[in-house]
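Asker: my questions concern the predicted model and sequence given below.
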Amino acid sequence: MEYKELYQPVRIGSVTVKNRFALAPMGPLGLADAQGGFNQRGIDYYTERAKGGTGLIITGVTFSDCEVETQSMPNCPNSTYNPVHFIRTSKEMTERIHAYGSKVFLMMSAGFGRVTIPTNLGEFPPVAPSAIPHRWLDKVCRPLEKEEIRSIIRSFGDGAYNAKRGGFDGVEIHAVHEGYLLDQFAISMFNQRTDEYGGSLENRLRFAKEVVEEIKKRCGADFPVVMRFSVKSMIKDWREGALPGEDFEEKGRDIEEGLEAAKLLVSYGYDALDTDVGTYDAWWWNHPPMYMEKGLYRPYCKMVKDVVDVPVLCAGRMDNPDMAVQAVQNGECDMISLGRPLLADPDYVNKLRAGRIKEIRPCISCQEGCMGRVQEYSMINCAVNPQAARERVTAYTPVLKPKKVMIVGGGVAGCEAARVLAIRGHKPEIFEKEQVLGGNLLPGGAPEFKEDDLELAKWYTYQMELLGVPVHYGTKVNKEDVLAQHYDTVIIATGSVPKRFSLGDDEKVYTAAEVLMKEKDCGKTTVIVGGGLVGCETALWLARHGKNVTIVEALDQLMAVNGPLCHANHDMLLRLLPFHGVKEVLNGRVQSYMDGILTVDQNGTEQKLACDSVILSVGYREENQLYKELQFETPEIYLLGDVKNVSNIMYGIWDAFEVANHI
C-alpha cells in the first residue's frame, strides 16, 4: 500500500496510462529487421516489459527520415522505406502490448547531426544546423538546407501516421535532449544560423515546433506527442562536460533558457516532457554510471513541472521505490521512467505492486550489457539479466529427469547457475567456503557508489532461499569430498584471487580487496599499483574518504585494458580521479618499497614516492586447482566464472546462464 500512488492512472493528452511507470527509451539495436520493421526479438522484448506491469512502453529510437543523413538505423516508419512492413510488424507488437493493459509510444528522431555514430556515418559528411565540429570525428559538419529541414518535418508526419496505423498510442520526439539534431538547433552554441531557424530561442525551437504541428495535422490533435527534453546541457566547452558539483560556465542551454524552452514546447502542442539533463559532450549525465547519485534528475524535473501544466517524466537511476513514490508525492514528476532497471528485471512493476520487493533483480549501472554493447556491437542486452532482448531464445526449458548438481563456489557464476538449474527442475547445491554468498561482488561493492553490487549479492542469496537451493556455508571442498558424494554434474565456480608480488617491505603492501573489505588500513597516503578499473575505482573511493592517492600504471594511460566498455562510465571515471585529487604516474614500473618509499622507474627515470602503504591492483588469478584435479574424475563437469577466465560480472552471469540452461 505504501506504493499505491505509483499505481494511479495518469493522462498524457488523450491517453490514460494505468500506472506511473514507463519503460524509458533505450537504443533499440538488434530489435529491428532489415526491412525497417520490428523483428521477433524486438516484439518479445517490448511485450515482456508490458507483461511485467509497465504502464507505458516507449520504444527505442526510430528514424522517420532515412534520406538526409543517409544512414542505416533500426525501424523506419516513414512512407519511403517500407511502410507496409513497418505497420504489419508494429501491429503484431502493439496488439500484444495492449493485451496487458499497457500503452505504447513510438520514439521518432530527427537525426543525429554532429553526434552521428562514426560507424554509421560512412563516407557521407555529418550534418548539423551550422558548420560546427563533429562530436567524435575531426570533421566539420555540413549545415542543413531549409528544404532538408522541411523534408525531415514531412517525414515525421508520415512516420507518426504509420505509427498510428500500426497501433501505437502516441509518439515521443527525439529530441531537444542530449545534443541530437533537434537539440543542436535549439542550442545557440551549435546553431549559428541567420535564417528563421536560428537566432532567438523561438527561432531555434522552430524545427521542434513544426514537427509537432505536422504530426498533429496528420494524426489529429488528440494524438499524443511527447518531447524528450534536457533542461540543462552541462557543457563546459566543445567535447568537455561538467562533473557533479563542479563550478563551471554553461556553454550550452542553461536552466533559465531551459525552463523558457519547456514552456514554449508545451505551448506548441507537446503533451508531456520526458526530462533529464546533459548532452553528448557530457554523456555521463544522460547515461548515468554508478558514479552518479540516484535520482539525479529529480531537482531538474521539479523545476520543469513548476512551469508547465503537462505530465513530466523522470528517469535517471530511479529504481529505488521509496525515491520514486517521494518524487511523485513531492510534485517532482508525474511518471517514473525505468530504462536499465527494466532491462535487469522486466517484472519490476508487478513485483513492487505485489510487495515482492526483495525479488526485484537490481541494475548495477555498469552499462556493460546495455550502452556498452550498443556502442560497440550494435545490440542491447543486460549484464545481470541474460534474457534481456533475447527472451525467446533463452527461455527456460523444464527438465524431464532432474540431476543432482554440485556447485563449488557461491560467487555470481555459481549463484546464477544454481538459480537457473533450480527453475528448470534440477537439484543444485552450493558449497561456499565463506559465510556469505557473493564472491568478488563483496569487495567490488564496498565503495558507496557500488552499493548495487552488494544488492545483487543479497538478491542471489534471497533467490536461493526462494528456490530452496541448499547452501553449505563455510565449506571448503576438496577432490575427495566431490567424488564421495556421487553428484550427476559438478560445476566448479571457485573464482579468482588477487595477484600479489613482493616489493621488499611487504608488511604494508596490500591487495585492493583487503583495503576495500577494510581488512587493512592503507593510512593517510597510499599508492595504488595498477590503473585498471579496480585500481581506479579504489582510488576514487579512497580519495573521497580523504586519502592522498597516487596511481602507478605501466601503460601510457589509465584503463587502457580492463576498463569499462561504456564510454560514459570510462570517461566519467577518468575525469573524477583528478577532480578528487588523485595523482597518476604513467609508464611507471614499481621497483621496491622500503622504509615508506616506493621506487618507480618511469621511462628510465627513477621516482621516489613516500607513502604509508602500497595497494596492489594488478589483476586476478584463477583458482582452478580443484578443476584440474577433477576434470578426468567425474563424468559431467563445467568450469564457470573467474575460475575459467577472469572477466567481469556480465560474463560470469552470462556463461553460467548458458551452461545451466542446457544441462
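Answerer: Sure, I can see it. Numbers count the residues shown, from 1 in each chain.

Asker: lowest mean pLDDT among the helices and strands of the chain, which one is it?
Answerer: When the helices and strands of the chain are scored by mean pLDDT, DSSP states H and E, helix 118-121 comes last with a mean of 67.

Asker: which strand or helix spans residue 341?
Answerer: Element membership of residue 341, judged by DSSP states H and E, is helix 340-344.

Asker: can you list contacts of that helix?
Answerer: Outside of helix 340-344, the residues within contact range by C-beta atoms under 8 Å, 6 or more residues apart in numbering are 23-24, 26, 49, 52, 54, 318-319, 348, 361-365, 367, 369-370, 380-382, 384-385, 388-389. (Each C-beta comes from the backbone N, C-alpha and C, glycine too.)

Asker: ChimeraX command for the buried members of those residues?
Answerer: Per 16 or more other C-beta atoms under 10 Å, the buried members of those correspond to this ChimeraX selection:
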select :23,24,26,49,52,54,318,319,348,361,362,363,364,365,367,369,370,380,381,382,384,385,388,389
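
Asker: so of the contacts of helix 340-344, which ones are in strands?
Answerer: Of the positions in the contacts of helix 340-344, residue 23 sit in strands, assigned by DSSP state E.

Asker: in the stretch 551-663 of the chain, what spans have low per-residue confidence?
Answerer: Applying pLDDT under 70 to the stretch 551-663 of the chain flags no residue at all.

Asker: ok, the stretch 51-200 of the chain next?
Answerer: For the stretch 51-200 of the chain, the ranges with pLDDT under 70 are 70-74, 79, 119-123.

Asker: and the strands in it?
Answerer: Ranges of strands within the stretch 51-200 of the chain are 56-63, 103-109, 127-128, 142-143, 170-176, based on DSSP state E, counting those that start in this stretch.

Asker: so which residues make contact with the longest helix along the chain?
Answerer: Across the chain, the helix with the greatest residue count (assigned by DSSP state H) is helix 146-165. Here helix 146-165 makes contact (C-beta under 8 Å, 6+ apart) with 62, 64-65, 67-68, 76-80, 83, 86-87, 90-91, 106, 108, 110-111, 127, 171, 173, 195, 197, 207, 210-211, 214-215, 217-219, 223, 225.

Asker: next one: stretch 329-338
Answerer: By C-beta under 8 Å, 6+ apart, stretch 329-338 touches 5-6, 10, 17, 20-24, 54-56, 58, 272, 274-275, 298-299, 301-302, 305-306, 311-315, 318-319, 324, 326-328, 348.

Asker: now list the buried members of the contacts of helix 146-165.
Answerer: The neighbour-count criterion (16+ other C-beta under 10 Å) marks 62, 64-65, 68, 76-79, 83, 86-87, 90, 106, 108, 110-111, 127, 171, 173, 197, 207, 210-211, 214-215, 218-219, 223, 225 among those as buried.

Asker: restricted to helices, list these.
Answerer: Among the buried ones among the contacts of helix 146-165, the members falling in helices (DSSP H) are 83, 86, 87, 90, 207, 210, 211, 214, 215, 218, 219.

Asker: want to throw these into TSV with distance to residue 431?
Answerer: Below are those laid out as TSV (distance: C-beta to C-beta, whole Å):
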residue	distance to residue 431
83	58
86	53
87	55
90	50
207	62
210	65
211	60
214	64
215	60
218	64
219	61
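
Asker: residue 521: which of the residues you listed is nearest?
Answerer: Among those, residue 207 lies closest to residue 521 (C-beta to C-beta), at 58.0 Å.

Asker: any idea how far the closest residue to residue 89 other than its chain neighbours is from residue 364?
Answerer: Distances taken as C-beta to C-beta, 6 or more residues apart in numbering put residue 37 closest to residue 89, at 3.4 Å, once the chain neighbours are dropped. According to C-beta to C-beta, to the nearest Å, residue 37 and residue 364 sit 33 Å apart.

Asker: cool, residue 596 as well?
Answerer: Distance, residue 596 to residue 364, by C-beta to C-beta: 37 Å.

Asker: and if you look at residue 341?
Answerer: In terms of C-beta to C-beta, residue 341 sits 10 Å off from residue 364.

Asker: could you do residue 558 as well?
Answerer: Distance from residue 558 to residue 364, by C-beta to C-beta: 22 Å.

Asker: could you pull up the residues touching residue 194?
Answerer: Neighbours of residue 194 in contact, by C-beta under 8 Å, 6+ apart: none.

Asker: phi, psi of it?
Answerer: Dihedral pair for residue 194: phi -120, psi 0, per degrees, to the nearest 10.

Asker: okay, how far is it across stretch 496-505, tip to tip?
Answerer: 25 Å (C-alpha to C-alpha, to the nearest Å).

Asker: residues of it that come out buried?
Answerer: Those would be 496, 498, 503, for stretch 496-505 by 16+ other C-beta under 10 Å.

Asker: any idea how far the second one is from residue 550?
Answerer: As defined by C-beta to C-beta, residue 498 lies at a distance of 19 Å from residue 550.

Asker: equivalent analysis for the first one, please.
Answerer: Between residue 496 and residue 550 the distance, using C-beta to C-beta, works out to 26 Å.

Asker: residue ranges of the helices in the stretch 551-663 of the chain, please?
Answerer: 567-579, 625-630, 649-660 (DSSP state H, counting those that start in this stretch).

Asker: buried stuff in the shortest one?
Answerer: Of the residues in helix 625-630, those buried under the neighbour-count criterion (16+ other C-beta under 10 Å) are 626, 627, 630.

Asker: by contact count, what packs against that helix?
Answerer: helix 479-484, strand 489-492, strand 637-639 (3 or more C-beta pairs under 8 Å, 6 or more residues apart in numbering; DSSP states H and E).

Asker: ditto for the last one
Answerer: With contacts taken as 3+ C-beta pairs under 8 Å, 6+ apart, helix 649-660 sits against helix 412-424.

Asker: tell me the angle the helix it packs on makes with helix 649-660.
Answerer: Relative orientation of helix 412-424 versus helix 649-660 (axes from the mean of the first three to the mean of the last three C-alpha atoms, to 10 degrees): 40 degrees.

Asker: please renumber the chain so that the first residue is 865 from this point on.
Answerer: With the count now opening at 865, the last piece we talked about shows up as helix 1276-1288.

Asker: run through the residues that contact the residue lying closest to residue 900 once chain neighbours are set aside.
Answerer: Nearest non-adjacent residue to residue 900, counting by C-beta to C-beta, 6+ apart: residue 940, 3.7 Å away. By C-beta under 8 Å, 6+ apart, the contact list for residue 940 reads 900, 926, 927, 928, 930, 946, 950, 1023.

Asker: count of neighbours near the first one?
Answerer: Number of residues near residue 900 (other C-beta atoms under 10 Å) recorded here: 22.

Asker: list the contacts of it.
Answerer: Counted by C-beta under 8 Å, 6+ apart, residue 900 has contacts 939, 940, 941, 945, 946, 949, 950.

Asker: just want the phi and psi numbers for it.
Answerer: Torsion angles, degrees, to the nearest 10, at residue 900: phi 90, psi 10.

Asker: that one and residue 1403, how far apart?
Answerer: Note on residue 900: its distance to residue 1403, by C-beta to C-beta, is 47 Å.

Asker: got it, and residue 1116?
Answerer: 30 Å.

Asker: so for these two, which sits in the more crowded spot?
Answerer: Shown here are residue 1116 and residue 1403; by other C-beta under 10 Å, residue 1403 has more neighbours (31 against 26).

Asker: you'd agree the more buried one is up against residue 1392?
Answerer: Yes. Using C-beta atoms under 8 Å, residue 1403 is in contact with residue 1392, at 5.3 Å.

Asker: any residues in contact with both of the two?
Answerer: By C-beta under 8 Å, 6+ apart, residue 1403 and residue 1392 have these common neighbours: 1413, 1415.

Asker: the spatially closest residue to residue 1518 that is not a sequence neighbour - how many residues pack around it?
Answerer: Distances taken as C-beta to C-beta, 6+ apart put residue 1250 closest to residue 1518, at 4.9 Å, once the chain neighbours are dropped. Residues near residue 1250, counting by other C-beta under 10 Å, number 21.

Asker: good, wrapping up.
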